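Participant: Need a 3D model of the sequence below.
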Amino acid sequence: MKTILIAIASYCMLLNACDGVIDPKPKPKDKQILPLSVGNWWQYTTALSSNSNAYIEWKITGTQKFNNNEYYVLTKTPYNSMGTLEADTSYLRYESDDVMTYSIEKGTESVLFDAPFNVVLYDSIMPYQGHFVVSNTCREEVPAGIFENCLDFVDNYPYHSDPSHDVLAYGVGYVRMWGFKWSYELKAYYVN
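Facilitator: Residues are numbered from 1 along each chain as shown. This next block holds a predicted model:
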């Protein structure tokens, strides 16, 4: 009987001793610049709408296969008279760290965000066309919160009156998009 009590007491002490041991946390999955997972959504507001309740929602609603590649279906839906915006659908996937997009109209795939995201001087991109990172340390304060170390992408194309900006936060996605006389800011989001 004494042996059983000693065994039980030893077992309890062992369990209590192990209780304080902290297992190393698994390394978090690398943060994506645009988290792609079914169910993720983002809502954006704009000061251009006279309706303060107006917003556009981006939501990943499913997946679809094109040319043997699985793409996430991103639907963009305006609510409460969000200007002249119409519902739209994009098809996105990751290839390594690059974000790829598929055009149904053209039947082709192209790179939306080309990793690695090397910063270039803003003045150096002006004669060129394309998508450039001009900062990887932006701090953005939008209705959804404050985001640090954001990437500021500049789209410089000849058919635009001036370059537009896409500001993204790792693990969140787009937090601000703006250009000449237009701007969208993240008001709420869900990323799993």
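Participant: the helices in the protein, which residues?
Facilitator: 2-19, 122-125 (DSSP state H).
Participant: so what's the residue nearest in space to the middle of the chain up against?
Facilitator: Nearest to the geometric centre of the chain sits G173, at 1.8 Å (C-alpha atoms, centre = their mean). Counting by C-beta atoms under 8 Å, 6 or more residues apart in numbering, G173 makes contact with I33, L34, P35, N40, W42, Y189, V191. Where you see a C-beta, it was placed from the backbone N, CA and C, and this is true even at glycine.
Participant: Can you show me the strands along this protein?
Facilitator: 41-45, 55-66, 69-79, 88-95, 98-103, 108-113, 130-142, 145-156, 164-169, 173-179, 182-190 (DSSP state E).
Participant: you'd agree N53 is up against N80?
Facilitator: Yes: using C-beta atoms under 8 Å, N53 makes contact with N80 at a distance of 4.6 Å.
Participant: Can you get me a residue count around L34?
Facilitator: 23 (other C-beta atoms under 10 Å).
Participant: does it really touch F113, like I thought?
Facilitator: Yes: L34 is in contact with F113 according to C-beta under 8 Å; the separation is 7.0 Å.
Participant: what's the least confident stretch among the helices of the chain?
Facilitator: Sorting those by mean pLDDT places helix 2-19 lowest, at a mean of 44.
Participant: Ranking helices and strands of the protein by mean pLDDT, which lands last?
Facilitator: helix 2-19 (a mean of 44; mean pLDDT, DSSP states H and E).
Participant: out of the strands of the chain, nearest to V119?
Facilitator: Comparison of those against V119 by C-beta to C-beta identifies strand 130-142 as nearest, at 5.2 Å.
Participant: any weak-confidence spans in this protein?
Facilitator: Counting by pLDDT under 70, the chain has low-confidence residues at 1-30, 81-86, 125-129, 157-161.
Participant: Repeat the analysis, applying 50 as the threshold.
Facilitator: 1-2, 4-29 (pLDDT under 50).
Participant: Report the separation between the residue lying closest to V133 once chain neighbours are set aside and V38.
Facilitator: Closest residue to V133 apart from its sequence neighbours, by C-beta to C-beta, 6 or more residues apart in numbering: F117 at 4.7 Å. Separation of F117 from V38 (C-beta to C-beta, to the nearest Å): 25 Å.
Participant: So which of the two has more stuff around it?
Facilitator: F117 (15 against 12).
Participant: Does that one touch C150 like I think?
Facilitator: No: contact criterion C-beta under 8 Å: F117 and C150 do not qualify, at 11.0 Å.
Participant: can you list residues touching both of these two?
Facilitator: If you check F117 and C150 against C-beta under 8 Å, 6+ apart, the residues they both contact are N136.
Participant: what's near enough to touch D166?
Facilitator: D152, F153, D155, Y174, M177.
Participant: Drop anything exposed from those residues.
Facilitator: D152, F153, Y174, M177 (16 or more other C-beta atoms under 10 Å).
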